[in-house]
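J.: Here's a sequence, model it:
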Amino acid sequence: MSTTFLTSCEGLIDEVFPKKNNPEGTGGDKPQLDQTLAFFGDSLTIGAGANVPYGTMVGTGLPGRRIVSDGIGGQIARSIAIRQGGETVKLSVEGGKLDGVNPVRIKKLSNEFLSTPINYNTYSRTGTVAGVKCTVTREANEETGEIYTIKADTESTADIADDSEFVLEEPAKLRTATQVLWYGRNNIGRPNAKEDILAALDNSIDYLSEPKRFLVLGVLTAIPENKGTDRYNEVRDINNSLSARYGDAFVSMEPPTEEEMEAISYTPSAEDISDIEKGNFPRGMRPGNADEIHINDKGYEIVANRVIAKLKELKY
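T.: Numbering: from 1, shown residues only. Next up, the predicted model:
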C-alpha cells in the first residue's frame, strides 16, 4: 500500500505494517487469505472525537494484522464507495488533454470524491485515465472554494475525452482484504438516503475479490436523535435494512450493553443510563463539546470490540 497520500486529522490513511504471524501461502493445506483489515468510511472511520481511529484499536486486539484506515470527514456513502473502488468516477479536463507534468484543471467530475464540506484540506489519489498514470488533487480555500486538478506522473500530452473514467490505483490492492465498511452517517436527512447507502455498499461489496470478506457497520445516531424523533426513526429504518440485507456481516450500532461497558471498565453515570434508555450512545462516550455526531475513545472502543468479536465469529 502506497503511503504517498496527502493526509490530515480530518482525512487519514493510517497504515500499520506489523509482521504477519503466518505469511500468506504458508502453513496448512490452503494458502492463507490476505490478512489485511481495510476500514473505509467518513470521519467516524478516522476517529474524529478521539485520539486514534477505531481500526487501530481493532489492530491492537488482533495483533499480526495489517491495518488500513481510509476516511474523509463529511463524506456521503457514494463518495466513500469511489475511494473504496466499488463505484467509478468520470472526469473532463480543460483543453481536453494533459499538459506534460503540469496540473490541468478538471472541469467536470461525476462525483467529487475527495470533497468535504467541513475543511479546506488537500486530498489526492493516484490512478489512470486514458492509459496514463496521473494524480487527481482536490484543493480548497474560503475565497475560491474547491478546485480539482489532474497531473500526469510522467510527461504526457494524451487526449482526455470528456467523461473519461479515472481508475483509482489503491483500491485494487485491497480487493482481497477483509473490509470494514462504515457508510451513511452523512446521508441522514438527505433525499434517498437509504437507497444511496445500500447502493454504495452493494457496489463496494461487489468489487471485492472472492471469497468476499466484509463487515457493514450500522449508522450511529447523533446526540439529538433519540427514540421518538424523526431522525431516530430514519436511522433505525436504515439499520434494519442493513441488518436484513447483510445478515451476519452486519455490526449493530445500538447503545452499549452493561456487559460491553464492564469489559472496558466504564461505569455509566445517571445521565449515561438516561441516554441509553433513549436509544443513544451515552454522553460520557461522546467528545464532550459541541460535537453531536462523534464518539470518544471509550465509544470507539465499544465499536472496535464489536468488530473484533464479529471478525472472530466469521473467522475473518
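J.: Report the contact partners of residue 81.
T.: Neighbouring residues of residue 81 by CB atoms under 8 Å, 6 or more residues apart in numbering: 87, 183, 200-201, 203-204. The way it works is simple: take the backbone N, C-alpha and C, and place the C-beta from them, glycine included.
J.: Quick check: it is in a helix.
T.: Yes: assessed with DSSP: H, G, I helix; E, B strand; the rest coil, residue 81 lies in a helix.
J.: Strands of the protein, start to end?
T.: 11-16, 37-41, 67-72, 89-93, 104-109, 123-129, 132-141, 145-152, 164-168, 178-182, 214-217, 250-251 (DSSP state E).
J.: Compare these and give me the one nearest residue 280.
T.: Nearest to residue 280, of all the strands of the chain, is strand 214-217, at 16.3 Å by CB to CB.
J.: Now do that closest one: which elements does it pack against?
T.: If you count contacts as 3 or more CB pairs under 8 Å, 6 or more residues apart in numbering; DSSP states H and E, strand 214-217 packs onto strand 178-182, helix 193-207, strand 250-251, helix 297-313.
J.: Any chance you could list what contacts the third one?
T.: Put plainly, it is strand 250-251. 215-218, 242-243, 303, 306-307, 310.
J.: what pLDDT, on average, does that strand get?
T.: Strand 250-251 shows a mean pLDDT of 99.
J.: swap in the longest one?
T.: The average pLDDT within helix 297-313 is 99.
J.: Does that helix pack against any helices or strands, and if so which?
T.: Helix 297-313 sits against helix 54-61, strand 214-217, strand 250-251, helix 258-263, with contacts defined as 3+ CB pairs under 8 Å, 6+ apart.
J.: Switch the ones you listed over to TSV; also include mean neighbour count.
T.: Below are the helices and strands packed on helix 297-313 laid out as TSV (neighbours: other CB atoms under 10 Å):
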stretch	mean neighbour count
helix 54-61	22
strand 214-217	23
strand 250-251	20
helix 258-263	13
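J.: Make JSON lines out of the ones you listed and add distance to residue 78.
T.: Listed next are those as JSON lines, based on distance: least, CB to CB, whole Å:
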{"stretch": "helix 54-61", "distance to residue 78": "21"}
{"stretch": "strand 214-217", "distance to residue 78": "15"}
{"stretch": "strand 250-251", "distance to residue 78": "20"}
{"stretch": "helix 258-263", "distance to residue 78": "32"}
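J.: between the contacts of strand 250-251, which is nearest residue 284?
T.: Residue 284 lies nearest to residue 303 out of the contacts of strand 250-251, by CB to CB, at 15.1 Å.
J.: Tell me which residues touch the closest one, please.
T.: 54, 217, 251, 253, 295.
J.: Residue 241 too?
T.: Contacts of residue 241 (CB under 8 Å, 6+ apart): 194, 198.
J.: Could you shift the numbering so residue one becomes 753, and keep it that way?
T.: With the count now opening at 753, the last piece we talked about shows up as residue 993.
J.: what about it, distance to residue 802?
T.: Noted for residue 993: a distance of 28 Å to residue 802, by CB to CB, to the nearest Å.
J.: can you pick the most crowded of the contacts of residue 833?
T.: Within those, neighbour counts (other CB atoms under 10 Å) peak at residue 935, which reaches 29 neighbours.
J.: how long is stretch 898-917 end to end?
T.: Taking CA to CA, to the nearest Å as the measure, stretch 898-917 stretches 21 Å from start to finish.
J.: any residues touching it, and which ones?
T.: With CB under 8 Å, 6+ apart, stretch 898-917 has contacts from 840-845, 848-858, 860-862, 864, 866-867, 878, 881-892, 918.
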